[in-house]
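**Q** Sequence and predicted structure below; questions after.
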Amino acid sequence: QVQLVESGGGLVQAGGSLRLSCAASGLTFIGEDMSWFRQPPGKEREFVASITSSAGRTSYGDFVKGRFTISRENAKNTVYLQMHSLKPDDTAVYYCAADYDLRYDEKDTSGWYAWGQGTLVTVSS
């Protein structure tokens, strides 16, 4: 049974930074592409970033604009999302996802079958 547990969310002022972590279990982490999505209040879930199993390729949502970095530490079965220059519009529940179906675009939530419970990030102005 796949388990993804996010942590690191919280309240931060605009312009600040946070690092989110996602600890994975129940899967062969080293062979898994991983991603982060987010769901702002009252809006649909949207793609934030993804990283391939080898960490050879990363991809980001258009809104990131160089502010976020996704990384992974295979020895710890953990994927990270480092966020800088946070804005109030970044307020959302951030979700970690795994078990990617290659038939889908990586930005499509339908292509990710395992999800964490989410961690709330609130950015105050």
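**A** Thanks, I have it. These numbers were taken from a predicted model, which means no experiment stands behind them.
**Q** going forward, measure contacts between C-alpha atoms and count neighbours the same way
**A** Fine.
**Q** contacting residues for Met83?
**A** Neighbouring residues of Met83 by CA atoms under 8 Å, 6 or more residues apart in numbering: 17-20, 67-69.
**Q** Determine which two of the residues you listed are furthest apart.
**A** Using CA to CA, those reach their maximum pairwise distance at Leu20 and Arg67, which is 13.6 Å.
**Q** ok, back up a step: filter the contacts of Met83 down to just the ones in strands.
**A** In strands, defined here by DSSP state E, the members of the contacts of Met83 are 18-20, 68-69.
**Q** Leaving out the residues flanking it, which one is nearest to Arg72?
**A** Val79 (4.2 Å; CA to CA, 6 or more residues apart in numbering).
**Q** Within the helices and strands, which one has that neighbour?
**A** strand 78-83 (DSSP states H and E).
**Q** who does the very next helix or strand once past that strand pair up with?
**A** Next helix or strand after strand 78-83 toward the C-terminus (DSSP H and E): strand 92-100. Strand 92-100 has the following strand partners under DSSP bridges: strand 34-39 (antiparallel), strand 112-115 (antiparallel), strand 119-124 (antiparallel).
**Q** quick one on the thing from earlier: of Leu20 and Arg67, which one has the most company?
**A** Set Leu20 next to Arg67 and count neighbours by other CA atoms under 10 Å: Leu20 wins out with 21 against 13.
**Q** Now do that one against Tyr94, distance only.
**A** 9 Å (CA to CA, to the nearest Å).
**Q** Over to Ile51?
**A** Going from Ile51 to Tyr94 by CA to CA gives 16 Å.
**Q** now do Glu106
**A** From Glu106 over to Tyr94 the distance is 16 Å, taken as CA to CA.
**Q** Looking at those two, which is more packed in?
**A** Taking neighbours as other CA under 10 Å, Glu106 and Tyr94 compare with Tyr94 leading, 28 against 20.
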